[in-house]
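Asks: the following comprises the amino acid sequence and a computationally predicted model.
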Amino acid sequence: MADQWQEAYDFAVQVARAAGAVIRKAGECEIKVQTKSCTVDLVTQTDERVEKIIIGSLKEQFGEGTHCFIGEESVAKGEPCILTDKPTWIIDPVDGTTNFVHGFPFVAVSIAFAVNKELEFGVIYSCLEDKMYKARKGRGAFCDDEPIQVSDVKDIHKSIIISEHGTDRDKQKVKKIFSTMQKILCIPVHGLRGSGTAATNMCLVASGATEAFFEIGIHCWDIAAGAVIVKEAGGVLLDVDGGPFDLMSRRMISANNMVIAERIIKEIEIFDSVRDDAPIQKK
Ligand SMILES: O=P([O-])([O-])O[C@@H]1[C@H](O)[C@H](O)[C@@H](O)[C@H](O)[C@H]1O
Ligand SMILES: [Mg+2]
């Protein structure tokens with residue numbers, strides 16, 4: 001059953017494109033902003049609406065009950081964030097919500113699909129740039145149907161590295177984030193960047209525009225689709241401590257190769273974050 005998930009893959013591309021059109025249109029109107037975990041963790045009606053559209057379309061196509069869903073906004077409302085062996089869609093309806101609110105031009109729809117806890121494919125639609133990135137396990141990575149691959153740079157001094165500071169403003173964590181960035185910048189590397197969307201950052205690694213992207217504090221929906229795209233473009237994924245990549249651990253480095261990844265890992269000051277699949281604390 002080599003082609004078992006092709007229909008789901010093709011459908012995910014269609015759904016992501018349609019979702020991106022909704023986001024573009026919503027960006028032309030007044031955006032009502034609310035907050036989630038803290039005052040800088042933003043959410044809009046568009047995030048919620050687009051997630052409902054995506055999950056609704058997938059349920060209609062594949063039948064309610066057979067597939068599971070992990071969506072950023074559903075989890076925010078108390079839905080479980082547990083990856084089982086069942087076919088599971090992992091969705092970030094608007095990756096880069098802060099960008100969306102401010103009109104900063106990088107916003108992505110991220111849809112991944114996992115079976116037996118293994119990622120089968122990932123689709124990221126960078127909807128303001130109108131770029132469709134996609135990859136299916138073992139079949140390569142593409143941007144607008146053109147194959148993409150990671151850069152071949154091995155010399156860290158010739159690299160551009162992406163990181164983000166996320167939405168946690170705990171002073172000790174922020175200190176570690178900036179200390180890490182300072183150390184990396186002074187290796188020295190050619191530059192540090194950040195697009196404001198983890199999904200887009202991973203596509204930039206996959207297409208060779210940058211050598212690595214790492215972050216502590218991201219969620220599984222930010223990186224699931226990107227993980228397939230980076231891997232299929234020839235890149236590597238690791239935990240920030242050099243161990244194996246763990247989708248639920250809220251930390252990862254994606255890089256063009258192990259040489260770059262391991263060099264960056266030497267500089268990363270790790271801090272704790274609660275796993276995505278940690279049991280929900282009773283209040
Ligand atoms: O909230 P959201 O815009 O979907 O996702 C955020 C973006 O991916 C951002 O780049 C990253 O730094 C944050 O950690 C994510 O939470
Ligand atoms: Mg996100």
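Replies: Arrived safely, thanks for sending. Numbers count the residues shown, from 1 in each chain. Ligands and ions are numbered 1, 2, ... in the order given.
Asks: get me the contact residues on the stretch 51-200 of the chain for ligand 2.
Replies: With Cβ under 5 Å from the ion as the criterion, the stretch 51-200 of the chain comes near ligand 2 at residues 92, 95. Bear in mind the C-beta positions are built from the backbone N, C-alpha and C, glycine included.
Asks: can you map out the strands along the stretch 51-200 of the chain?
Replies: Per DSSP state E, counting those that start in this stretch, the stretch 51-200 of the chain has strands spanning 68-71, 88-95, 108-115, 118-126, 131-136, 141-143, 146-147, 160-163, 191-193. These are given in chain order.
Asks: sheet partners, orientation included, of the second one?
Replies: I take that to be strand 88-95. strand 68-71 (parallel), strand 108-115 (antiparallel) (DSSP bridges).
Asks: as JSON lines, the strands of the stretch 51-200 of the chain with mean pLDDT and mean neighbour count would be great.
Replies: Converted to JSON lines, the strands of the stretch 51-200 of the chain look like this (pLDDT from 0 to 100; neighbours: other Cβ atoms under 10 Å):
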{"stretch": "strand 68-71", "mean pLDDT": "97", "mean neighbour count": "21"}
{"stretch": "strand 88-95", "mean pLDDT": "98", "mean neighbour count": "28"}
{"stretch": "strand 108-115", "mean pLDDT": "98", "mean neighbour count": "28"}
{"stretch": "strand 118-126", "mean pLDDT": "98", "mean neighbour count": "25"}
{"stretch": "strand 131-136", "mean pLDDT": "98", "mean neighbour count": "25"}
{"stretch": "strand 141-143", "mean pLDDT": "98", "mean neighbour count": "21"}
{"stretch": "strand 146-147", "mean pLDDT": "98", "mean neighbour count": "9"}
{"stretch": "strand 160-163", "mean pLDDT": "98", "mean neighbour count": "22"}
{"stretch": "strand 191-193", "mean pLDDT": "98", "mean neighbour count": "13"}
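Asks: and those as CSV, adding distance to residue 201?
Replies: Listed next are those as CSV, based on distance: least, Cβ to Cβ, whole Å:
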stretch, distance to residue 201
strand 68-71, 20
strand 88-95, 10
strand 108-115, 9
strand 118-126, 10
strand 131-136, 12
strand 141-143, 14
strand 146-147, 20
strand 160-163, 5
strand 191-193, 8
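Asks: export those strands to JSON lines and tack on distance to ligand 1?
Replies: Output for these, formatted as JSON lines (distance: least, Cβ to the nearest ligand atom, whole Å):
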{"stretch": "strand 68-71", "distance to ligand 1": "11"}
{"stretch": "strand 88-95", "distance to ligand 1": "4"}
{"stretch": "strand 108-115", "distance to ligand 1": "8"}
{"stretch": "strand 118-126", "distance to ligand 1": "11"}
{"stretch": "strand 131-136", "distance to ligand 1": "15"}
{"stretch": "strand 141-143", "distance to ligand 1": "19"}
{"stretch": "strand 146-147", "distance to ligand 1": "24"}
{"stretch": "strand 160-163", "distance to ligand 1": "9"}
{"stretch": "strand 191-193", "distance to ligand 1": "12"}
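Asks: got the buried residues for the longest helix along the chain?
Replies: Ranked by residue count under DSSP state H, the longest helix found in the chain is helix 6-26. By neighbour count, with 16 or more other Cβ atoms under 10 Å as the criterion, the buried positions of helix 6-26 are 8-9, 11-13, 15-16, 19-20, 22-23, 26.
Asks: can you give the domain ranges for the protein?
Replies: Taking automatic domain parsing as the domain assignment, the ranges for the chain are 6-147, 156-265.
Asks: so how far is the last one off the chain centroid?
Replies: Here the centre of domain 156-265 is set off from its chain's centre by 11 Å, with Cα atoms, centre = their mean, to the nearest Å.
Asks: straight-line length of that domain, end to end?
Replies: 12 Å (Cα to Cα, to the nearest Å).
Asks: and if you look at stretch 118-136?
Replies: Using Cα to Cα, the end-to-end distance of stretch 118-136 comes to 12 Å.
Asks: ok now that stretch, how far from the chain's centre?
Replies: On the basis of Cα atoms, centre = their mean, the separation between the geometric centre of stretch 118-136 and that of its chain is 10 Å.
Asks: now what about the host helix or strand of residue 252, what contacts it?
Replies: Under the criterion DSSP states H and E, the helix or strand holding residue 252 is strand 251-255. Strand 251-255 is contacted from outside by 150, 202, 205, 211-218, 223, 226-227, 230, 235-240, 245-246, 261, 264-265, 268, 270, 273, using Cβ atoms under 8 Å, 6 or more residues apart in numbering.
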